[in-house]
Structure formats: C-alpha cells, structure tokens
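**Student:** Using only what follows, build the 3D model:
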Amino acid sequence: MRVVIALEAQAEVKALPLTMLARFDAVITRLEAWPNISGAKPLRKEWKGHYRIRMGDWRVIFQIVKPDLIIVRVAHRSTIYEDP
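**Tutor:** Okay, the predicted model is just below:
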C-alpha cells in the first residue's frame, strides 16, 4: 500500500528527535505492508476511523483512504490525541 504523509504530519516529522527518525522510517516500511502488520490499534471516539502505531513514547496516527494509507499525526504520546 502507498504511504502518504499529510502536510501537518510532515512538519511533525521534521521536528522529531534524530533517534526517532530511524524508527519512523521503519514504521513507514511496516505500514507499506498494511493490513499484514502487527501493533496497529484502531482508535475510538473523536479519532474513530483512524489507527495508531507505537514508536517508543511517540505515536503515529494514520487512516486508510483506499488506495492510500495517510499518516495524519506524529507526536509524543502526551500530546498526540489533542485536537483531532
């Protein structure tokens, strides 16, 4: 599946610590194999229709809009779920 990073998420990726950038690249590689990946959880309430995958203390929120997988947010777990 093609992985697309939304404009808002691109800015968040640029602000990631260097140690997280390598993990982010690995997450993108994993997401290309959607739906044959482990660790992705569907979200509820305001984030219904989105999924999250962990990256240590950081989270990647994405949604499936066929034929693409769109990364919507990349942030620390303490702030990721604010403002859907």
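**Student:** quick one: low-confidence parts of the protein?
**Tutor:** 84 (pLDDT under 70).
**Student:** Find the residue at the geometric middle of it.
**Tutor:** Centroid-nearest residue in the chain, with C-alpha atoms, centre = their mean: Val60, separated by 2.5 Å.
**Student:** correct me, but that residue touches Lys41?
**Tutor:** No - contact criterion C-beta atoms under 8 Å: Val60 and Lys41 do not qualify, at 11.4 Å. From N, CA and C alone the C-beta is placed, and that goes for glycine too.
**Student:** what touches both of those two?
**Tutor:** In terms of C-beta atoms under 8 Å, 6 or more residues apart in numbering, Val60 and Lys41 are both contacted by the residues 52-53.
**Student:** Which elements pack onto the biggest helix by length in the chain?
**Tutor:** Criterion DSSP state H: the longest helix present in the chain is helix 18-31. If contacts are counted by 3 or more C-beta pairs under 8 Å, 6 or more residues apart in numbering; DSSP states H and E, helix 18-31 sits against strand 50-55, strand 58-65, strand 68-76.
**Student:** What is the first one packed up against?
**Tutor:** In this structure, strand 50-55 packs against helix 18-31, strand 41-42, strand 58-65, with contacts taken as 3+ C-beta pairs under 8 Å, 6+ apart.
**Student:** which outside residues touch it?
**Tutor:** So strand 50-55 is in contact with 20, 23-24, 27, 30-31, 37, 39-43, 59-64, 72, 74, 80, going by C-beta under 8 Å, 6+ apart.
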